[in-house]
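K.L.:
following is a predicted model, sequence given first.
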Amino acid sequence: MPTFTTPRLLLALAKICLSVFLITPYAQAQDYPNKPIKVVIPFAPGGPSDIVGRILLQQMSENLNKPIIIENKPGAGSNIGIQQVARSAPDGYTLLLVSSTFVINPSLYPNPGFDAIKDFSAISLPVSSPNVLVVNPSFPAKDMKEFFAVIKAAPGKYDYASPGGGTGPHLSAELLKLKMNLDITHIPYNGGGPALQAVLGNQVPIGLSALPPAVPQIKAGTVRALAVTSTTRSPSIPDVPTLKESGVSDFEGDTLQFIVAPAGTPAAIIQKLNQEIAKALENPEVKNKLIGMGYLTYSYTPEQTSQKIKLEVDKWAKVIQSRNIKPD
């Protein structure tokens, strides 16, 4: 004898399916994490992203009572590590902590192997570090007004050092050149340390650097800081003005640190991770350590982080195209 499914039974089954569909992500988040989390940092140990990761993720691990394992995966200007995470399972157990190369490389490389917007789910922008314009103490300028006058009086005479072609400091310098019509030549180095040493030794009189590695040299007086690229002054060097204060309108060129997950990671897990990052940054020891090293801390939501990524991709694409910048 055939059986028939009544409309009432169909409606009940639909409600059950909908309930399961709605509850499952939240159940996943409540149970998350139940095993170690791996965070890929696509740079060698000791750089700004690695420093941030080891401070922030250690506190998150303690709060969650679960291991968080850092995997340094340098190569191809950070593209190798970024690609690895883009191809990982979207389950919240493989994350990426990455600097501004994440939003620069899509325009810098013909085929970076990832899409910063489509291939990832944004979690947080926990910290940034201003880039800082420094000069050798013998350079004939004590502030940015004098700096602009010196450069414009001798077009093409001066060089500036950066940590390498396509890095955040390099593009900040090119954006400054574009806005202020400056004629200075880029000398790329293999990292922030060598670039700072070149300025310190006066092989190159001017340098653009991420702030954290420059703070000790600035405080020691071995290089002179003229301006930071953030919209506000840095608490670690409060006497150094911003470029905006120095007459450069609408300028922001910080080195940002993003935490993202593979696209498709459940929204409830993304939200939980965002909350855990914010909680770790609320720890006074963590916050004070990061600020003392030259970082600025934030409480970006996933939505705000996603919007910031889109804005930065567009901003740096315009700079790269207008200056015809190529990777080293």
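P.N.:
Nice, I can see it. Being a predicted model, the structure only gives us computed values, none of them experimental. Numbering: from 1, shown residues only.
K.L.:
which segments of the protein make up each domain?
P.N.:
Listed by automatic domain parsing, the domain ranges of the chain are 37-129+255-323, 131-228.
K.L.:
looking at the ones you listed, which is nearest to Asp239?
P.N.:
Of all the domains of the chain, it is domain 131-228 that lies closest to Asp239, at 8.6 Å by CB to CB. The way it works is simple: take the backbone N, C-alpha and C, and place the C-beta from them, glycine included.
K.L.:
present the domains of the chain as a markdown table; the columns should include mean pLDDT and mean neighbour count.
P.N.:
Shown next, in a markdown table, are those (pLDDT from 0 to 100; neighbours: other CB atoms under 10 Å):
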| stretch | mean pLDDT | mean neighbour count |
| --- | --- | --- |
| domain 37-129+255-323 | 95 | 19 |
| domain 131-228 | 94 | 19 |
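K.L.:
adding distance to Thr242, write those domains out as a markdown table.
P.N.:
Compiled in a markdown table, the domains of the chain are given as follows (distance: least, CB to CB, whole Å):
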| stretch | distance to Thr242 |
| --- | --- |
| domain 37-129+255-323 | 12 |
| domain 131-228 | 6 |
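K.L.:
quick one: closest of these to Gln30.
P.N.:
Closest of the domains of the chain to Gln30 is domain 37-129+255-323, at 8.4 Å (criterion: CB to CB).
K.L.:
now that closest one, how far from the centre of its chain.
P.N.:
Computed by CA atoms, centre = their mean, to the nearest Å, the chain-centroid distance of domain 37-129+255-323 equals 6 Å.
K.L.:
then stretch 157-176?
P.N.:
17 Å.
K.L.:
what about it, how long is it end to end?
P.N.:
17 Å (CA to CA, to the nearest Å).
K.L.:
all helices for the stretch 151-300 of the chain, in order.
P.N.:
In the stretch 151-300 of the chain, the helices defined using DSSP state H, counting those that start in this stretch lie at 168-180, 192-200, 211-220, 267-281, 284-292.
K.L.:
and Glu276, what does it touch?
P.N.:
60, 63-64 (CB atoms under 8 Å, 6 or more residues apart in numbering).
K.L.:
tell me how far it lies from Ile270.
P.N.:
The gap separating Glu276 from Ile270 is 11 Å, by CB to CB, to the nearest Å.
K.L.:
and what of Ala195?
P.N.:
Distance from Ala195 to Ile270, by CB to CB: 36 Å.
K.L.:
likewise for Gly165?
P.N.:
Distance from Gly165 to Ile270, by CB to CB: 33 Å.
K.L.:
same deal with Ile69?
P.N.:
To Ile270, Ile69 is 20 Å away according to CB to CB.
K.L.:
now Ser61
P.N.:
Distance from Ser61 to Ile270, by CB to CB: 18 Å.
K.L.:
rewinding a little: quick one, which of the helices of the stretch 151-300 of the chain is nearest to Ala153?
P.N.:
Taking CB to CB, helix 168-180 is the member of those nearest to Ala153, at 13.6 Å.
K.L.:
for that closest one, which outside residues touch it?
P.N.:
Contacts of helix 168-180 (CB under 8 Å, 6+ apart): 99-101, 104, 131, 133, 148, 160, 162-164, 182-184, 186, 188, 192, 195, 208-210, 229, 243, 248-249, 251, 253-256, 316, 319-320, 322-323, 325.
K.L.:
could you tell me how far that helix lies from the centre of the chain?
P.N.:
How far helix 168-180 lies from its chain's middle: 17 Å, per CA atoms, centre = their mean.
K.L.:
try stretch 246-254
P.N.:
Centre-to-centre, stretch 246-254 and its host chain are 18 Å apart (CA atoms, centre = their mean).
K.L.:
which residues does stretch 292-299 contact?
P.N.:
For stretch 292-299, using CB under 8 Å, 6+ apart, the contacting residues are 51-52, 125-130, 210-212, 214-215, 230, 232, 234-237, 254, 278, 281, 287, 290-291.
K.L.:
strands of this protein, start to end?
P.N.:
With DSSP state E, the ranges of strands along the chain come out as 37-41, 68-72, 94-98, 120-129, 131-135, 159-162, 185-188, 206-210, 224-228, 255-262, 296-297.
K.L.:
closest to Arg87 out of these?
P.N.:
Nearest of these (CB to CB): strand 255-262, 7.6 Å.
K.L.:
in its sheet, what does that closest one sit against?
P.N.:
strand 94-98 (antiparallel), strand 120-129 (antiparallel) (DSSP bridges).
K.L.:
show me the contact partners of the first one.
P.N.:
Right, the one you point to is strand 94-98. Residues from elsewhere that reach strand 94-98, judged by CB under 8 Å, 6+ apart: 37-42, 49, 52-53, 57, 78, 81-82, 85, 88, 102, 120, 123, 257-262, 273.
K.L.:
narrow the contacts of Glu276 to those in helices?
P.N.:
If you go by DSSP state H, the contacts of Glu276 have 60, 63-64 in helices.
K.L.:
possible to save the residues you listed as TSV with distance to Thr297?
P.N.:
Converted to TSV, the ones in helices among the contacts of Glu276 look like this (distance: CB to CB, whole Å):
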residue	distance to Thr297
Met60	14
Asn63	16
Leu64	19
